[in-house]
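>>> test case, fold it:
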Amino acid sequence: MLQLRQPAFPWMVTSLIGAMVLHGCVWFFARLLAPQGADAVVETQRQIGLGFFWMVGALALWSLKVPKSRLKAVVMGLTCAGLIGLLGSALAFGQFLLHHKVPATSHNLIPFAGFSLLMVVAQLVLAIPAAITLQQIALKRTPPDTAVPHV
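Purely as a prediction, here's the structure:
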């Protein structure tokens with residue numbers, strides 16, 4: 001069984017800061033090694049901002065119902081990351097349609113959807129270390145003899 005570390009708020013903030021720093025480092029080096037490495041700082045700032053939302057969402061879900069295992073906690077964090085990534089892709093497509101006045105046809109939708117899917121998968125892969133760090137700091141294992149049985 002897992003539980004939130006007490007007092008919960010300082011541990012949540014500590015886990016959020018630690019996971020965001022790690023998330024930023026992962027994204028910075030991933031973008032630095034990419035062909036357009038000059039955009040590494042800008043992309044890192046953007047991904048830290050997006051990471052903040054999924055990390056807060058995961059912490060909020062954990063405070064409502066603590067997961068039973070660390071694996072479930074990581075999966076919940078990655079689910080939040082995936083939802084934020086999909087929302088970001090939908091907003092980017094909307095901006096592409098409205099700002100550039102491009103018609104919403106299958107000729108435009110299919111390539112954008114394919115690229116968005118690849119981007120969300122990449123975001124999920126790069127979010128794994130941050131999700132693990134987030135749950136490692138925020139959650140602790142309950143000793144078996146003090147665990148409260150679920151009815």
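>>> which residues in the protein form strands?
2-4, 139-141 (DSSP state E).
>>> now render the ones you listed as TSV, adding mean pLDDT, distance to L33 and mean neighbour count.
Glycine gets a C-beta too; all of them are placed from N, C-alpha and C. Shown next, in TSV, are those (pLDDT from 0 to 100; distance: least, C-beta to C-beta, whole Å; neighbours: other C-beta atoms under 10 Å):
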stretch	mean pLDDT	distance to L33	mean neighbour count
strand 2-4	92	35	17
strand 139-141	93	32	15
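>>> select, out of these, the one closest to S15.
S15 lies closest, by C-beta to C-beta, to one member of those: strand 139-141, at 8.4 Å.
>>> got a list of contacts for the closest one?
1-5, 62, 66-67, 70, 73 (C-beta atoms under 8 Å, 6 or more residues apart in numbering).
>>> strands paired with that strand, and their directions?
Using DSSP bridges, the strands paired with strand 139-141 are strand 2-4 (antiparallel).
>>> now the partner strand: how far from the chain's centre is it?
20 Å (C-alpha atoms, centre = their mean, to the nearest Å).
>>> returning to what we had before: between the contacts of strand 139-141, which is nearest I132?
Checking these one by one against I132 (C-beta to C-beta), the nearest turns out to be R70, at 8.1 Å.
>>> isn't that closest one right up against Q135?
Yes: the criterion here is C-beta atoms under 8 Å, and R70 meets it with Q135 at 5.8 Å.
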